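**Student:** Below is the structure, and that's it, no one-letter string:
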């Protein structure tokens, strides 16, 4: 199977999903690391769901403890980083208008914090404030007031302490957030599916990462769904399942296929389409999510991830930064008595900013090159990762925006690698990906910017003021400087 090229990813990235012809069976993949290996179970266990924590009476109170914990992957016990001892952490299930409070206990050896990725909530104080530092051995309180008109969808949480985000997410610190629909979407079964990758050494600890891997963006040699290897799912013909999929990989792009089944995409990230779109595949950059309806067809199908060519740092050896194998993620078996058809999902009307008055247009330039000596938050000898020629500085405001303004941003990528651009707090309406216009309103909080190309989006800086960040969601690139500070006032 040929890897999905950056040209294909460019075509698919405008809506975060692949509208391509699926085909070719996937190859079984051995789960090995350079120093250690994960033993696969001889018979795939049923795919488990992360623990669900539901809000009640408009409130959800959560205790999270971040620590290194033994977890079983396949037939091997390893030492991962976990929330509450599980991989992934619990799913937080809330509704628009809810208040969520999180008590985060840091039992790691390093500082950490918490980012509610994609949620449209305040970045101030104890909200989605990534400038907070939670030291080892301490506990911090977070409080999120979810707006009453918050869009439904799948979101997620993970650490965001600068310099440690990649290592902590790679180690296993992540969990899903579901903002439920006020008007239910009929489904036989609902599944949360968090896809992640990681590597362990011969002692079962998180493998060290080389400078070369950090420059490319590390990809783990073990790829999991809900912390499991090659799990199984069972269903009846005609069942309509709802899959909420999170790409929690530190750097890996996903080209997902489920040949033989009928897929409809409800939306990506923080957005919902007007009507479900039939798709044959899903292209998810790191941090992207997909909300999918799967109508079951009798037979056996394999959920697999095909290779994606996302480019390579200029002047480095070793070719492109891509997975070299097709990865078998899970097996779906559909048999038995056919289920009765369910009603069609409700139709919605996504907001469209293209006819609104634009207060300002901005151009941001993502670049890689040269060698950093630590001044921009990069280690000595590391390639420089910059936005507008500068590495991240938490004390410097890079973009000042007027509250309630609608702006148009063009993100230019001068590097030979794709970069997924993420803006905190305020969702982005995608206008153009790599010079290709997006025809219908598409809202995302991670937008791919193909190598040597540009993407364009419109943003309504409404509801909240405060200081937040934007960055490349290849988390090694973020940690090494490809991040900026935005202040809305």
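**Tutor:** Arrived safely, thanks for sending. Bear in mind that the values here come from a model prediction, so they are computed numbers and not experimental data. Residues are numbered from 1 along each chain as shown.

**Student:** which regions of this protein lie under the pLDDT threshold?
**Tutor:** Low-confidence segments of the chain (pLDDT under 70): 1-43, 314-324, 371-382.

**Student:** 50 instead, please
**Tutor:** For the chain, the stretches flagged by pLDDT under 50 are 1-35, 42, 317-319, 372-380.

**Student:** Show me it divided up by domain.
**Tutor:** Residue ranges for each domain of the chain read 6-40+186-334, 52-179, 360-488, as given by automatic domain parsing.

**Student:** nearest to residue 340, of the ones you listed?
**Tutor:** With distances scored as C-beta to C-beta, the stretch of those nearest to residue 340 is domain 6-40+186-334 (7.0 Å). C-betas here are computed from N, CA, C, even on glycine.

**Student:** Centre of the chain to that closest one, how far?
**Tutor:** Its chain's C-alpha centre lies 11 Å from the corresponding centre of domain 6-40+186-334 when counted by C-alpha atoms, centre = their mean, to the nearest Å.

**Student:** just stretch 328-336 next, same as before
**Tutor:** Chain-centre distance of stretch 328-336: 24 Å, with C-alpha atoms, centre = their mean.

**Student:** in its sheet, what does the host helix or strand of residue 369 sit against?
**Tutor:** Using DSSP states H and E, residue 369 sits in strand 360-372. Here strand 360-372 is paired, per DSSP bridges, with strand 382-387 (antiparallel), strand 406-413 (parallel).

**Student:** closest one to residue 481 among the ones you listed?
**Tutor:** strand 382-387 (4.4 Å).

**Student:** Run through who's touching that closest one.
**Tutor:** Contact with strand 382-387 is made by 211, 214-215, 313, 364-372, 376, 378, 391, 398, 470-472, 477, 480-484, as judged by C-beta atoms under 8 Å, 6 or more residues apart in numbering.

**Student:** which helices and strands sit right next to the helix or strand following it?
**Tutor:** Downstream of strand 382-387, the next assigned helix or strand under DSSP H and E is strand 399-401. Strand 399-401 sits against strand 483-488, with contacts defined as 3 or more C-beta pairs under 8 Å, 6 or more residues apart in numbering; DSSP states H and E.

**Student:** what comes up buried for the strand it packs on?
**Tutor:** Using 16 or more other C-beta atoms under 10 Å as the test for burial, strand 483-488 gives 483, 484, 485, 486, 488.

**Student:** quick check, nearest of those residues to residue 77?
**Tutor:** Within the buried residues of strand 483-488, proximity to residue 77 (C-beta to C-beta) peaks at residue 483, which comes in at 35.3 Å.

**Student:** Find the nearest non-adjacent residue to that closest one, please.
**Tutor:** Among residues not flanking residue 483 along the chain, residue 471 sits closest, at 3.5 Å (C-beta to C-beta, 6 or more residues apart in numbering).

**Student:** any idea how far the one you found lies from residue 130?
**Tutor:** 10 Å (C-beta to C-beta, to the nearest Å).

**Student:** Same drill for these two, tell me which one is more crowded.
**Tutor:** In terms of neighbours (other C-beta atoms under 10 Å), residue 471 is the more surrounded of residue 471 and residue 130; the figures are 28 against 22.

**Student:** is it true that the more buried one touches residue 419?
**Tutor:** No: taking contacts as C-beta atoms under 8 Å, residue 471 lies outside contact range of residue 419: 9.3 Å.

**Student:** Give me the common contacts of those two.
**Tutor:** By the contact definition C-beta under 8 Å, 6+ apart, residue 471 and residue 419 are jointly contacted by 477, 482.

**Student:** Ramachandran coordinates for the closest residue to residue 47 other than its chain neighbours?
**Tutor:** Using C-beta to C-beta, 6+ apart and skipping the chain neighbours, the partner closest in space to residue 47 is residue 231 (3.9 Å). For residue 231, the backbone dihedrals are phi -80, psi 170 (criterion: degrees, to the nearest 10).

**Student:** in the sheet, who's paired with residue 231?
**Tutor:** Bridge pairing for residue 231 - DSSP bridges - gives residue 330.

**Student:** contacts for the helix or strand harbouring residue 431?
**Tutor:** Using DSSP H and E, residue 431 sits within strand 428-433. Residues outside strand 428-433 that contact it (C-beta under 8 Å, 6+ apart) are 10, 13-15, 351-354, 408-409, 437-438, 441-445, 447-448, 450, 454-459.

**Student:** what sits against the residue nearest to residue 444 when sequence neighbours are not counted?
**Tutor:** Spatial nearest neighbour of residue 444, excluding adjacent residues (C-beta to C-beta, 6+ apart): residue 269 at 4.1 Å. Listed by C-beta under 8 Å, 6+ apart, the contact partners of residue 269 are 16, 118, 153, 288, 289, 427, 443, 444, 445, 446.

**Student:** let's see 10 Å
**Tutor:** Contact analysis of residue 269 by C-beta atoms under 10 Å, 6 or more residues apart in numbering lists 16, 117-118, 151, 153-155, 284-285, 287-291, 422, 427-428, 430, 442-447.

**Student:** State whether residue 268 and residue 291 are indeed in contact, as I suppose.
**Tutor:** Yes: if you go by C-beta atoms under 10 Å, residue 268 and residue 291 touch, sitting 7.5 Å apart.

**Student:** So which of the two has more stuff around it?
**Tutor:** The neighbour comparison of residue 268 against residue 291 (other C-beta under 10 Å) goes to residue 268, with 30 against 24.

**Student:** Roughly how far does that one sit from residue 245?
**Tutor:** Note on residue 268: its distance to residue 245, by C-beta to C-beta, is 10 Å.

**Student:** between these two, what contacts are shared?
**Tutor:** With C-beta under 10 Å, 6+ apart, residue 268 and residue 245 have common neighbours 154, 282, 284, 288, 289, 290, 291, 292.

**Student:** thinking again about what came up before, which of the contacts of strand 382-387 are buried?
**Tutor:** Buried members of the contacts of strand 382-387, counted by 16+ other C-beta under 10 Å: 214-215, 313, 364, 366-368, 372, 376, 378, 391, 398, 470-472, 477, 480-484.

**Student:** if we can go back for a sec, which residues do residue 471 and residue 130 both contact?
**Tutor:** 160, 162, 165, 424, 483.

**Student:** Mind checking which of these are in strands?
**Tutor:** residue 483 (DSSP state E).

**Student:** Quick one: the shared contacts of residue 471 and residue 130 as JSON lines, columns for distance to residue 126 too.
**Tutor:** Listed next are the shared contacts of residue 471 and residue 130 as JSON lines, based on distance: C-beta to C-beta, whole Å:
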{"residue": "160", "distance to residue 126": "15"}
{"residue": "162", "distance to residue 126": "19"}
{"residue": "165", "distance to residue 126": "20"}
{"residue": "424", "distance to residue 126": "15"}
{"residue": "483", "distance to residue 126": "22"}
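
**Student:** so which of the shared contacts of residue 471 and residue 130 comes closest to residue 327?
**Tutor:** Closest to residue 327 out of the shared contacts of residue 471 and residue 130 is residue 165 (23.7 Å), distances taken as C-beta to C-beta.
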